[in-house]
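Participant: Sharing a sequence plus its predicted fold:
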Amino acid sequence: MAKPPVQLFCGVFGDEDDTLDATRACREAGLEFHDVYAPYAVHGLDRAMGLPFSKVTWVTFCCGALGTTIALSGMTYASWWDWPVNVGGKEALPFPAFVPITFELTVLIGGVCTMLGMFALCLLYPGKKARLLHKGQTDDKFVIALKKTEDFNEQKAREIFQRHHAEEIATRDPGYNAADEPATGGAA
Amino acid sequence: MGAHVYSVMREPLVVGKKTLHEITQDVCQSIEGKPSLLWWLGFLTSGAIATAGVATMLYQMYVGVGTWGLNKTVGWGFDITNFVFWIGIGHAGTLISAVLFLFRQKWRTSINRSAEAMTLFAVLCALIYPTIHMGRPWIGPLWIAPYPNLRGPLWVNFRSPLLWDVFAISTYFTISLCFWYIGLVPDLATVRDRAKHWLRKVFYGTLSLGWNGSVRNWNHYEVAYMIFAGLSTPLVFSVHTIVSMDFATSVIPGWHTTIFPPYFVAGAIFSGFAMVLTLLLIARKTMRLEAYINEITMDNMAKIVLLTGSLVGLAYGTEFFVAWYSGSIYEGFAFINRATGPFAWSYWIMVSCNVISPQILWFKKLRRNPWVLFVMSIFVNIGMWFERFVIIVTSLHRDYLPSSWAYYTMTWVEYAELIGTFGIFFFMFFVFIRFLPGIAFGEVKGVNKYARHDSHGHAHAEVKHG
């Protein structure tokens, strides 16, 4: 997550349904999201924010197709072109016998690349320092972070947050990281 | 989605009204607090057994594979039995994490993490056997990789099911590991944010990759999770299908049957669920996780054990029918010999453990009794080991020439190695539940409100319309 250039107006919630409705309301009110944070996958929250469908499916498709190609061409090369060996009179180029390995390599390369592609799209890597807007956002708190742009309607945002039972409303500086603060709230 | 109101007939998946924070606490106490006495007992016992097993394997490598009781007739016995047994055990983990995910079985959330870990450990245990049966495993890589020699490049035989198996198992292990790790990342981030000691901060901080619960990340994450479930579902069925082809593509009566792929897959899921039950019934006690691994979880798992056990029973019957119906005297003899020959004892152990013992699960009371389930799961574990033993040994020991008929007796080395792999398996599991969150609490939180009509939900609905 890149450091936001503007201050963030954050609402902290304790319930997934409140968060979901507040997110929808913010979007309808035309407020600009920095991000929303949830301790677990809340279905529909990404659509409520207006995020497009993830492109990770393309990574899977392309890499899976690469796996299929490597498997079929590799086996054809090895057992038909380069060194055909007669084993029990079996054909040198038996397509049905190639199916299992083709399937396995498709899944293997497609799957591993899906994981790497997902981490890449999320910009996650070993050693990355997590940036938290609230100590409990990986535990039991939901945070909606709105960008305080020039035309930001704070009154409207505050009203939406309050209407959906926000437990805490705060403005955060761009460099703020709750992980640097001593443990409070949800964290032990 | 929490606001869903389910039928009042449905029971909540988490016992007691837990807050989200309490769920985190409950699961994290097993990795943050001091381990219980039971944990130490299990850890040390399994560690000692594992050490003895490894020592026996080293002894076997030093002396040779002749320390096993195999002979010319029963040339395939001990190693492949254990290999198939352990690979089968692994199947439940992927089934729970992938297939049940696609079927929206929300009760899976409390057991999928441990079951997936169990898959990885079981596959590692399985891999021990092809490795040690090579005798001198350190030169093994030379047989797998093409190496320069005077006859030109030599390739492996891509038409052989044994090679398909190499690809299937390695893919299975890798994909299960990736799937497991993806599931772990958000939970590791939670543990990281609770950590006080610098070492824990570094350990969990590195593994959690800087995850902070951003919905932009969840968006990719959920799609990737779904893809993994989609990829793993055919994978889990393919693995034991291919294992069964190691036998089914041969011409040995008793092996050469088309029923093998579905029969093996059903058996694998059956044995895997039994092992998950064994492990989780221990884990829920030693780690005080009764609220999560509860009656509903046990009930549902028992139903799958009953279903797959009955499928396996059906397969035993079908095999006999086909052996008779095919009109082949060799096929017929193989099966009559199985049930009445010198190894009849192993056949009847298999039938009583696999077909008869799960029948108690028709009763709801017994399905929800942890003690009954634990004993039954041990029976199934034994029965499923014997299934592989029966298929392999009884089909080989009386071959076409009566002069070469033989008996197979396991030596102490084989017993020690078999028990040793159980030690290795449980040892890895005890280490796992101590250092990594044994319950996917990130997913459990998502089903916390399942079938609950809490006041908050109603309050929120009113505001929405107001």
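Facilitator: Happy to help now that I have it.
Participant: residue contacts, B:Lys445?
Facilitator: The contact partners of B:Lys445, by CB atoms under 8 Å, 6 or more residues apart in numbering or on different chains, come to A:39-40, A:140, B:20, B:23. No exception for glycine: its C-beta is placed from N, CA and C like everyone else's.
Participant: my bad, A:Trp81
Facilitator: Counting by CB under 8 Å, 6+ apart, A:Trp81 has no contacts.
Participant: and A:Thr69, what element?
Facilitator: helix A:56-76 (DSSP states H and E).
Participant: for that helix, packing partners?
Facilitator: helix A:95-121, helix B:215-248 (3 or more CB pairs under 8 Å, 6 or more residues apart in numbering or on different chains; DSSP states H and E).
Participant: Could you check it and say which residues are buried?
Facilitator: Judged by neighbour count using 16 or more other CB atoms under 10 Å in any protein chain shown, the buried positions of helix A:56-76 are A:56-57, A:59-60, A:63-64, A:67-68, A:71-72, A:74-76.
Participant: check whether stretch A:114-133 contacts chain B.
Facilitator: Yes: contact of stretch A:114-133 with chain B (CB under 8 Å from any CB of the partner chain) involves A:114-115, A:117-119, A:121-122, A:124-132.
Participant: Wait, a helix at B:Thr258?
Facilitator: No: assessed by DSSP: H, G, I helix; E, B strand; the rest coil, B:Thr258 does not belong to a helix; its assignment is coil.
Participant: which regions of chain A sit below the pLDDT cut-off?
Facilitator: Of all residues in chain A, those with pLDDT under 70 make up the ranges A:1-4, A:182-188.
Participant: swap the cut-off to 80 and go again
Facilitator: Scanning chain A with the threshold set as pLDDT under 80 gives A:1-5, A:85, A:87, A:174, A:181-188.
Participant: Surely B:Ile139 is in a helix?
Facilitator: Yes: per three-state DSSP, B:Ile139 lies within a helix segment.
Participant: how close does the residue in chain A positioned nearest to chain B sit to B:Gly205?
Facilitator: Nearest residue of chain A to chain B: A:Lys128, at 2.8 Å (CB to the nearest CB). Going from A:Lys128 to B:Gly205 by CB to CB, to the nearest Å gives 9 Å.
Participant: what do you get for B:Trp362?
Facilitator: Where B:Gly205 is concerned, B:Trp362 sits at a distance of 49 Å (CB to CB).
Participant: out of the two, which sits in the more crowded spot?
Facilitator: Taking other CB atoms under 10 Å in any protein chain shown, B:Trp362 and B:Gly205 do not tie; B:Gly205 has more neighbours (24 against 11).
Participant: Look up which helix or strand that one falls in, please.
Facilitator: Assigned by DSSP H and E, B:Gly205 falls in helix B:198-207.
Participant: which strands and helices sit next to that helix?
Facilitator: Counting contacts by 3+ CB pairs under 8 Å, 6+ apart, helix B:198-207 is packed against helix B:161-194.
Participant: Excluding chain neighbours, what is closest to the residue nearest the centre of chain A?
Facilitator: By CA atoms, centre = their mean, chain A has its centre lying nearest to A:Cys122, at 5.3 Å. Of all residues not flanking A:Cys122 in the chain, B:Asn217 sits nearest, at 4.1 Å (CB to CB, 6 or more residues apart in numbering or on different chains).
Participant: cool, and A:Gln137?
Facilitator: Distance criterion CB to CB, 6+ apart; nearest residue to A:Gln137, sequence neighbours excluded, is A:Tyr37 at 4.4 Å.
Participant: Surely that neighbour touches B:Trp211?
Facilitator: No: between A:Tyr37 and B:Trp211 there is no contact under CB atoms under 8 Å: 10.5 Å.
Participant: what residues go with each domain of chain A?
Facilitator: A:8-52+A:130-180, A:56-121 (automatic domain parsing).
Participant: who wins for neighbours among the contacts of B:Lys445?
Facilitator: A:Pro39 (29 neighbours).
Participant: Once you drop chain neighbours, what's closest to the closest residue to chain A within the stretch 201-350 of chain B?
Facilitator: When scored by CB to the nearest CB, the stretch 201-350 of chain B has B:Gly210 as its residue closest to chain A, at 2.8 Å. Spatial nearest neighbour of B:Gly210, chain neighbours left out: A:Lys128 (2.8 Å); criterion: CB to CB, 6+ apart.
Participant: circling back to that earlier point, residues in contact with the helix holding A:Thr69?
Facilitator: The set of residues external to helix A:56-76 that reach it, using CB under 8 Å, 6+ apart, is A:93, A:98, A:101-102, A:104-114, A:117-118, A:121, B:158, B:220, B:223-224, B:227, B:231.
Participant: Can you select the buried ones from these in PyMOL?
Facilitator: Those of the contacts of helix A:56-76 that count as buried under 16+ other CB under 10 Å are selected in PyMOL with:
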select buried, (chain A and resi 98+101+102+104+105+106+107+108+109+110+111+112+113+114+117+118+121) or (chain B and resi 158+220+223+224+227+231)
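Participant: give me the number of residues near B:Lys201?
Facilitator: Considering only other CB under 10 Å, B:Lys201 is surrounded by 16 other residues.
Participant: Kindly report the same for B:Phe374.
Facilitator: 17.
Participant: got the contact list for residue 79?
Facilitator: Answering for chain A, as no chain was given. Contacts of A:Ser79 (CB under 8 Å, 6+ apart): A:85, A:92-93, B:155, B:157-159.
Participant: wait, chain B
Facilitator: With CB under 8 Å, 6+ apart, B:Asp79 has these contacts: B:68, B:129-130, B:132-133.
Participant: Neighbour count, distance to chain A and pLDDT added to those, as a markdown table?
Facilitator: A markdown table is the format used below for the contacts of B:Asp79 (neighbours: other CB atoms under 10 Å in any protein chain shown; distance: CB to the nearest CB, whole Å; pLDDT from 0 to 100):
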| residue | neighbour count | distance to chain A | pLDDT |
| --- | --- | --- | --- |
| B:Trp68 | 19 | 27 | 92 |
| B:Tyr129 | 23 | 20 | 93 |
| B:Pro130 | 18 | 17 | 89 |
| B:Ile132 | 20 | 24 | 91 |
| B:His133 | 18 | 22 | 89 |
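Participant: which of those residues lies closest to B:Pro141?
Facilitator: B:Pro130 (12.9 Å; CB to CB).
Participant: Okay, and that closest one sits in which element?
Facilitator: Assigned by DSSP H and E, B:Pro130 belongs to helix B:112-132.
Participant: and the direction of that helix versus that of helix B:161-194, what angle?
Facilitator: If you take axes from the mean of the first three to the mean of the last three CA atoms, to 10 degrees, helix B:112-132 sits at 140 degrees to helix B:161-194.
Participant: In helix B:112-132, which residues are buried?
Facilitator: B:112-130, B:132.
Participant: just stretch B:409-426 next, same as before
Facilitator: B:410, B:413-414, B:416-418, B:420-426.
Participant: Could you work out the end-to-end span of stretch B:289-302 for me?
Facilitator: 18 Å (CA to CA, to the nearest Å).
Participant: in that stretch, what counts as buried?
Facilitator: Going by neighbour count (16+ other CB under 10 Å), the buried part of stretch B:289-302 is B:289, B:291-294, B:296-302.
Participant: Of those residues, which is the nearest to B:Trp324?
Facilitator: The shortest approach to B:Trp324 among these belongs to B:Ala302, at 33.4 Å (CB to CB).
Participant: helix or strand for that closest one, which one?
Facilitator: Going by DSSP H and E, B:Ala302 is part of helix B:295-325.
Participant: For that helix, give the mean pLDDT please.
Facilitator: For helix B:295-325, mean pLDDT is 92.
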